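Q: what's the 3D shape of this:
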Amino acid sequence: MQETQLVQLLASLSKPDRRELRKFARSPFFNLRDDLARLIEHLAERIDRPELLEKRAVFAAVQPDKIFDDLHWRHLLSMAFQLVKKFLAVQNWLADPQNLQLELCEVLQKRELNPLLEREIARSRLDLEAAPHRDAAHFFKKYRLEQVDWNLSHRQQRFGRGNLQEMGAAFSAFVAVNSLRHRSAILTQNVVAGADRRDAAPPPELPFAVAAKMAVEQGEFAETPAAQLYFHSCRMLENMDSDADFRAMTRLLETHWQVLQQPEAKDLYTVAINFCIRKINAGQREFVREVFDLYRSGLERRVLLENNFLSKYTYNNILLTALALGEWSWSLDFLENWKTLLPPRDRENSHRYNLAIYWFRRPDFDRVMQILQNVEFRDPLYNLDARRMLLRIFFEKDAWQAAEPALESFKMYLRRHRSIGYHRDLNLNFLKFLQQILRLRRDGFGSAARIRSAVETVEMVAERGWLLTQIF
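A: Below is the predicted model of the structure:
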């Protein structure tokens, strides 16, 4: 039963969420069936042990007085699945007090409880003003509140107290921020897909985004940092050769990053970081410091986290950026201080792997080899990188006896792993040239000039710069 949608959904829940789900399933407001509650409790307690989820055994535990019936079992699973989905929806709804407050205002309006409604409108205004975020969701909530207030005014025939301007301004800000955000997302996808070449057709414009860009250019939304952030993000992505919008966006991020909720702030940080990486790849090394500053501020503000964890890839990218700047002390502190926020499954391996990179760059090769002995490389790319590290160490130490079997083992690994895309060609060429250099240096066999020319001209080869240093 591991393949059922119900089990997959339950497996995605954290342990605290599972505890709340069990309470939810026992609440008579949401569920009156005891067998459903028992099924959800049974599965939630055993979801991490697939061997205990055989359907007949689960059915017997949940319905001990009934003979297994497949149709009844499927019906029970379907109802449980619906109940878990309802739990997730209610949990998400309850997580936003402002939405609850707005729903209350709209219900009070329908029931025409005007004195109570006026008090709740005033309270909602205070809550919205106190909220740190000024994103599209904020402006839509403000629009909803103004609409309730406008309806109340008309019902009470207080036409002198119109708030149409406030309602229109809130809705305009919502449309501008949201449409510019969507435009930024489209442009980001375009860049990631490599479809931003000069000869490529531009991505389609969104009608509201065009109007929003024109409005910002004409001075509107000057006091709406979210609109300004997405406006400069769009312009930066539309013209990657210009730095002006990158500078404008990073200045805004520095002072107004809190107007966006964490996932949106992370997206804009990622856009700015990727802009820097493209500049670095084009030879503009001054952007290494820019990307390091973005990583550092993103860490301090915790906007680079995803589901409260720091991705192992981001962890690695931050280290490599810091090492490129010679930030040795900062790098070592970073590896230790942020280790606990790595996903648990990869935590120890990611930490050791990056620690090996740190000592490799220092260099302290004996320490690197000791660390790598205790790393399990489930990630193929990390495996490739570690194997290249070891080979480089053997060559730096002139340890030819160790280098040759390591070369053969690496070739065997690449023969077995054919689904790693272009990384396979990069590393096969690396090994081919390394074997030629080994014969040249150890046996005097081959031509240094011929090998150098081949390394320089072959399109796909890993560690090209280091290989050239080994040819003498």
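Q: what pLDDT, on average, does the longest helix belonging to the chain get?
A: In the chain, ranked by residue count with DSSP state H as the criterion, the top helix is helix 164-192. Helix 164-192 comes out with an average pLDDT of 93.
Q: Any buried residues in the following helix or strand past that helix, and which?
A: Counting by DSSP states H and E, the element after helix 164-192 in chain order, helix or strand, is helix 207-217. The neighbour-count criterion (16 or more other CB atoms under 10 Å) identifies 209, 212-213, 215-216 as the buried residues of helix 207-217. For the C-beta atoms, the positions are set from N, CA and C on the backbone; glycine is no exception.
Q: so residue 302 sits in a helix?
A: No. When the secondary structure is assigned by DSSP: H, G, I helix; E, B strand; the rest coil, residue 302 falls in coil instead of a helix.
Q: what about it, distance to residue 266?
A: Computed as CB to CB, to the nearest Å, the residue 302 to residue 266 distance reads 10 Å.
Q: How about residue 340?
A: Separation of residue 340 from residue 266 (CB to CB): 19 Å.
Q: Settle it for me: which of these two has more neighbours?
A: Here residue 340 and residue 266 are compared on neighbour count by other CB atoms under 10 Å; more neighbours surround residue 266, at 19 against 11.
Q: out of everything not next to it in sequence, what's closest to the residue nearest the centre of the chain?
A: Using CA atoms, centre = their mean, the residue of the chain that lies closest to the mean C-alpha position is residue 306, 5.1 Å off. Nearest residue to residue 306 in three dimensions, chain neighbours excluded: residue 266, at 7.2 Å (CB to CB, 6 or more residues apart in numbering).
Q: circling back to that earlier point, phi, psi of the residue nearest to the centre of the chain?
A: The main-chain torsion angles of residue 306 are listed as degrees, to the nearest 10 and equal phi -130, psi 120.
Q: ok, residues contacting stretch 204-214?
A: By CB atoms under 8 Å, 6 or more residues apart in numbering, the list of residues contacting stretch 204-214 from outside reads 175-176, 178-180, 182-183, 186, 221, 227, 231, 234-235.
Q: rerun at 6 Å
A: Residues from elsewhere that reach stretch 204-214 (CB atoms under 6 Å, 6 or more residues apart in numbering): 175-176, 179-180, 182-183.
Q: just to revisit the earlier point, what's the spacing between the residue nearest to the centre of the chain and residue 342?
A: Relative to residue 342, residue 306 is positioned 11 Å away (CB to CB).
Q: Can you work out which residues contact both of the two?
A: Here residue 306 and residue 342 share no contacting residue, scored by CB under 6 Å, 6+ apart.
Q: For residue 146, list the residues it contacts.
A: With contact taken as CB under 6 Å, 6+ apart, residue 146 is in contact with 163, 166-167, 170.
Q: which of the residues you listed count as buried?
A: For the contacts of residue 146, buried by 16+ other CB under 10 Å: 163, 167, 170.
Q: Quick one: residues contacting the last one.
A: So the one you mean is residue 170. The contact partners of residue 170, by CB under 6 Å, 6+ apart, come to 139, 142-143, 146.
Q: Roughly how far does it sit from residue 214?
A: Distance, residue 170 to residue 214, using CB to CB: 20 Å.
Q: now do residue 52
A: The span separating residue 52 from residue 214 equals 61 Å under the rule CB to CB.
Q: Could you do residue 303 as well?
A: The span separating residue 303 from residue 214 equals 30 Å under the rule CB to CB.
Q: ditto for residue 134
A: Using CB to CB, one gets 21 Å for the distance from residue 134 to residue 214.
Q: swap in residue 471?
A: On the measure of CB to CB, residue 471 and residue 214 end up 57 Å apart.
Q: Likewise for residue 368?
A: In this structure, residue 368 lies at 56 Å from residue 214, with CB to CB as the measure.
Q: Next, the buried residues of stretch 86-104.
A: Burial within stretch 86-104, assessed by neighbour count using 16+ other CB under 10 Å, is assigned to 87, 98, 101-102.
Q: ditto for stretch 270-278
A: Residues 270-276 are the ones in stretch 270-278 that count as buried (16+ other CB under 10 Å).
Q: Also stretch 122-135?
A: Here stretch 122-135 shows 124, 128, 133-135 as buried, counting by 16+ other CB under 10 Å.
Q: Hmm, residue 186 is touching residue 193, no?
A: No. Between residue 186 and residue 193 no contact is recorded; they are 10.7 Å apart, counting by CB atoms under 6 Å.
Q: quick one, which of these two is more surrounded?
A: Just comparing residue 186 and residue 193: by other CB under 10 Å the higher neighbour count belongs to residue 186, 16 against 10.
Q: For that one, list the residues it contacts.
A: residue 203.
Q: how near is it to residue 455?
A: Counting by CB to CB, the gap from residue 186 to residue 455 is 40 Å.
Q: what's the answer for residue 54, then?
A: Using CB to CB, one gets 57 Å for the distance from residue 54 to residue 455.
Q: How far off centre is stretch 220-237?
A: Taking CA atoms, centre = their mean, to the nearest Å, one finds stretch 220-237 lying 22 Å from the centre of the chain it belongs to.
Q: Check which residues of that stretch are buried.
A: Along stretch 220-237, these residues count as buried under the neighbour rule (16+ other CB under 10 Å): 221, 224-237.
Q: sorry, back to before: going by distance to residue 77, which of the contacts of stretch 204-214 wins?
A: residue 182 (37.4 Å; CB to CB).
Q: Check which residues of the strand or helix carrying residue 395 are buried.
A: For residue 395, the element it lies in under DSSP H and E is helix 380-396. Judged by neighbour count (16+ other CB under 10 Å), helix 380-396 contains these buried residues: 380, 382-395.
Q: And those residues, which two are furthest apart?
A: Taking CB to CB, the two most distant members of the buried residues of helix 380-396 are 380 and 395; they sit 22.8 Å apart.
Q: Among the buried residues of stretch 86-104, which ones are in helices?
A: Where the buried residues of stretch 86-104 overlap with helices, as defined by DSSP H, the overlap consists of 87, 98, 101-102.
Q: Pull the contacting residues for residue 46.
A: Taking CB under 6 Å, 6+ apart as the test, what residue 46 contacts is residue 52.
Q: So for residue 20, what's the nearest residue that isn't a sequence neighbour?
A: In space, residue 20 comes closest to residue 91 once its chain neighbours are excluded; the distance is 6.9 Å by CB to CB, 6+ apart.
Q: how much space between the one you found and residue 137?
A: If you go by CB to CB, the gap between residue 91 and residue 137 works out to 18 Å.
Q: now swap in residue 419 and tell me
A: 40 Å.
Q: and these two? which has more neighbours close in?
A: Relative neighbour count places residue 137 above the other of residue 419 and residue 137, with 19 against 6, counting by other CB under 10 Å.
Q: need the contact list for the more buried one.
A: Going by CB under 6 Å, 6+ apart, residue 137 touches no other residue.
Q: What strand or helix carries it?
A: Applying DSSP H and E as the criterion places residue 137 in helix 136-155.
Q: Show me where the stretch 301-450 of the chain has its helices.
A: Residue ranges of the helices in the stretch 301-450 of the chain, as given by DSSP state H, counting those that start in this stretch, are 312-324, 328-337, 347-361, 365-372, 380-396, 400-416, 422-443, 448-457.
Q: for the protein, which spans come out with low pLDDT?
A: The model of the chain has pLDDT under 70 over residues 1-3, 157-162, 194-202.
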